[in-house]
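Undergrad: what follows is a protein structure lacking sequence information:
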């Protein structure tokens, strides 16, 4: 496609929000001396200001005060504190879950075509797709993108004729679910027989959990008893909207889940647990669950009348194809197609479109207007209209362009992660326990003894020039989460060398 100067002018002015620059990192060998962790208090490390609202007449929400701090922002602050020290070598981030590649060219071609239509005489009012990029689109999404997504969901995920809603990233899709499905009180008419804990509607997550899921539940429905740094001494005395379950090597404990579903079952047949959340492949675990396991948890939640939220953000990163369904071998990433299962997807990872903020959520259309999925979808439109009205039309056009590149394009990019993944696994081999490396883009490692993971992460940046996420933010104190997709292979190898040195020196 020939790009005129008009293309570039409009793209520079309209699309600057999605273009970012990265600092070039110079690599040279350095002599790193052994640094022991300092015995200083970590109470102020990786923590945002949370002064009590009771001391100020201009109060803020207690729920917001009790919500987890955004750890990616805090890690970026730690990095910025030491940038001057590492100005020659650069600090390598293995913290935030992003990919090292750019979106496919079809994304920018779609944007350029849309821009040109606005420049062309007369088209701004004629009604071509590109000629209305400045307007709202339907709440549920840009119609051409919705049609393409429904086709993708059927062919690549095995979901038949689902309802689809485009959201501003997968995180907004999850917030939409929390607001749509959870109540302050689970009212079945028997409140006088129930304790506050039994009355409040609840959501289950499994630790180590994805911190933004917990933050969504805390800020919308409450729940400060979520393990790790979020635990409080008086948490048991508060009605909680959050239940945190254990995992074994990254696999949710279904025995624990069944016991909780039984515990919160009500005489009316309803359940105080409204929704169960599973991320597969896992963030932060880096574990890809089997399809048989997903069928089992789907059946368990169905038996107890509870919604199952499946976050499939990392569908393209099922490294060993653990989620393949032998009954449907031609479906690349099969999803459970049942009325009570809601699926979340994203363009941020595989298609490298994090800055475009485009995700989508799907609901079953089984049983038509009377179906559970249809009801939830129709009610979620209220939430969508309140929060975003609609996802940016221009981002949705870009997403449509991404789909033209196809799944094979993404698979080719994912293959470039093998070198970095192997290097990170080798760098963490000295730790007593490791989980992950089979899905998504993460590996988690357990630090020895009583090592403070927050202090460890801070020291790792300061003295070894590499950043990771402390496990405390995922409900796993004493662990770290390492992302191996942020850097191209040659730089990930260098980061792995630093990480290995840091682990060996800081855990002596």
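TA: Alright, I've got the coordinates. The structure presented is a predicted model; accordingly, all values stated were derived computationally and were not measured.
Undergrad: surely residue 276 and residue 297 touch.
TA: Yes: with contact defined as C-beta atoms under 8 Å, residue 276 counts as touching residue 297 (7.3 Å). Using the backbone N, CA and C atoms, a C-beta is placed for each residue, glycine as well.
Undergrad: more neighbours, those two?
TA: Neighbours per residue, other C-beta atoms under 10 Å: of residue 276 and residue 297, the larger number sits with residue 276, 27 against 22.
Undergrad: apart from its neighbours in sequence, what residue is nearest that one?
TA: Closest residue to residue 276 apart from its sequence neighbours, by C-beta to C-beta, 6 or more residues apart in numbering: residue 204 at 4.4 Å.
Undergrad: okay, now the unreliable bits of the stretch 101-250 of the chain?
TA: 121-131, 185-199, 222-239 (pLDDT under 70).
Undergrad: try it again at 90.
TA: 114-135, 183-201, 218-242 (pLDDT under 90).
Undergrad: so who does residue 389 touch?
TA: When contacts are counted by C-beta atoms under 8 Å, 6 or more residues apart in numbering, residue 389 touches 136, 139.
Undergrad: confidence score at it?
TA: With respect to pLDDT, residue 389 has a value of 95.
Undergrad: repeat for residue 60
TA: Predicted confidence (pLDDT) for residue 60: 86.
Undergrad: now do the shared contacts for residue 276 and residue 297.
TA: 257, 308.
Undergrad: toward the C-terminus, what is the element adjacent to the one helix or strand residue 444 maps to?
TA: Following DSSP states H and E, one finds residue 444 within strand 442-446. With elements assigned by DSSP H and E, the helix or strand that comes after strand 442-446 is helix 453-464.
Undergrad: partners of the following helix or strand past that following helix in the sheet?
TA: Remark: after helix 453-464, the chain's next helix or strand is strand 466-467, criterion DSSP H and E. Here strand 466-467 is paired, per DSSP bridges, with strand 92-93 (parallel).
Undergrad: immediately after the partner strand, which helix or strand?
TA: The helix or strand immediately downstream of strand 92-93 is helix 105-119, counting by DSSP H and E.
Undergrad: those helices in the stretch 301-450 of the chain, which residues are they?
TA: Remark: helices assigned in the stretch 301-450 of the chain by DSSP state H, counting those that start in this stretch are 372-387, 393-414, 418-427.
Undergrad: buried set for the last one?
TA: Judged by neighbour count (16 or more other C-beta atoms under 10 Å), helix 418-427 contains these buried residues: 419-425, 427.
Undergrad: re earlier: the strand holding residue 444 - which strands sit beside it in the sheet, and in what orientation?
TA: In the sheet, strand 442-446 lines up with strand 433-436 (antiparallel), strand 479-483 (antiparallel) (DSSP bridges).
Undergrad: for the following helix or strand past the last one, packing partners?
TA: Counting by DSSP H and E, the element after strand 479-483 in chain order, helix or strand, is helix 489-506. In terms of contacts (3 or more C-beta pairs under 8 Å, 6 or more residues apart in numbering; DSSP states H and E), helix 489-506 is packed against strand 92-93, helix 418-427, helix 453-464, strand 466-467.
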